[in-house]
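Asks: Based on what follows, work out the 3D shape:
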Amino acid sequence: MNRLGRPLLPAVLLIAALLTGCGVKHLALAAFYDSAMGQGILYHIDQEGQLYYLNFDSGEWEADGSPCPGTPPYDLDGWYNPNQDSWAVVAVDGRGVLWHSTDAWYQITEPLDAKGSHALDGFYDYALGNDIIKVMNPHGQLYNYFDEGWTEIDEPCPGKGPYDLTVFYDVTSDLYWTSTLDGEGKNFDLLRGGWVQDGTAIKDGPFRITGFHDVAADAYLFYVLDGKGNLYTWEGDDWADVGAKVPGKAPFDLESFYDPEADAYYVMAIDAAGKVFRFTDEGWSLQY
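Replies: Numbers count the residues shown, from 1 in each chain. Model prediction:
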């Protein structure tokens, strides 16, 4: 294995828009592929807890319900659940409380034991037939949401917070992959023996990490965005600067997913103004 009713976005055209009135602040992005519709979906949440979705018809971000009643800062993720033919849009707040957005926000866990920036990632597990949700607290402790509660996973990551997290399911090998980037730009992978540091540290935080499994190539793809908007990808045994800087305004968030129908990668960043950029071999471009 190489370690390589909502608005819908066609996989061949992921559009971006400017959120009117949005100031310079961190926006957490969720981007995922709906296999039933054959389309990509984009959401983001601001640090007041307001959720937005990208309306394909208007090409604009539109507020989705009332703000989350949690405590900032927030992280966000979303994915398609084929068993229920629905989207899971989930946020974690600054107390480690997990929230689920449907017609309104619903609290689904009690707070964790640390306050501050929590990292969230999740996916649908085709083998188990249910959602998998993982959260890392500011001290590097990883948790799995299961049966309406939290379960600690292994020992805390030996890095230094704040952390960002990527987890995904390898359909071919039937296993989970978990990687995190700490506040000093160090990458750690959770293996059977615990957390293992891999690769050279990246400079200039804050950092965002994302990854996915390319089923066709049976390979893992990883990307990291630094605080200045420089993108790195994993090549061989270390991070490589792709030489393409996001032309937006920091701070950024980063997400990616694989479209199996088109055999295409979608790597996207959102900036502080709500603009979404897509990365391809030709560099970053503002869509729409």
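
Asks: hey, where'd the strands end up in the stretch 1-150 of the chain?
Replies: 9-10, 28-34, 39-45, 51-55, 60-63, 75-81, 86-92, 98-101, 105-107, 119-125, 130-136, 142-146, 149-153 (DSSP state E, counting those that start in this stretch).

Asks: Can you tell me which of the ones you listed has the worst average pLDDT?
Replies: Across those, strand 9-10 has the smallest mean pLDDT, namely a mean of 38.

Asks: returning to what we had before: nearest to L231, of the strands of the stretch 1-150 of the chain?
Replies: Closest to L231 of the strands of the stretch 1-150 of the chain is strand 28-34 (CB to CB; 14.5 Å). The way it works is simple: take the backbone N, C-alpha and C, and place the C-beta from them, glycine included.

Asks: in the closest one, what's buried?
Replies: Judged by neighbour count using 16 or more other CB atoms under 10 Å, the buried positions of strand 28-34 are A28, L29, A30, A31, F32, Y33, D34.

Asks: So which of those is the closest to W61?
Replies: Lowest distance from W61 to the buried residues of strand 28-34 (CB to CB) belongs to L29, with 11.1 Å.

Asks: from memory the closest one sits against I270, does it?
Replies: Yes. With contact defined as CB atoms under 8 Å, L29 reaches I270; the gap is 4.3 Å.

Asks: got any residues that touch both of those two?
Replies: H44, D253, V276 (CB atoms under 8 Å, 6 or more residues apart in numbering).

Asks: Just the buried ones from those residues?
Replies: Buried among the shared contacts of L29 and I270 (16+ other CB under 10 Å): H44, D253, V276.

Asks: Nearest to C68 among those?
Replies: Relative to C68, the closest of the buried ones among the shared contacts of L29 and I270 is H44; by CB to CB it sits at 12.5 Å.

Asks: what's the distance between N55 and L175?
Replies: Using CB to CB, to the nearest Å, N55 is found at 37 Å from L175.

Asks: quick one, which of those two is more surrounded?
Replies: Neighbours per residue, other CB atoms under 10 Å: of N55 and L175, the larger number sits with N55, 17 against 11.

Asks: Beta-bridge partners for that one, please?
Replies: On the basis of DSSP bridges, N55 is bridged to E60.

Asks: hang on, isn't it packed against E62?
Replies: Yes. Using CB under 8 Å, N55 is in contact with E62, at 4.9 Å.

Asks: How far does stretch 149-159 stretch from one end to the other?
Replies: Its first and final residues considered, stretch 149-159 spans 25 Å by CA to CA, to the nearest Å.
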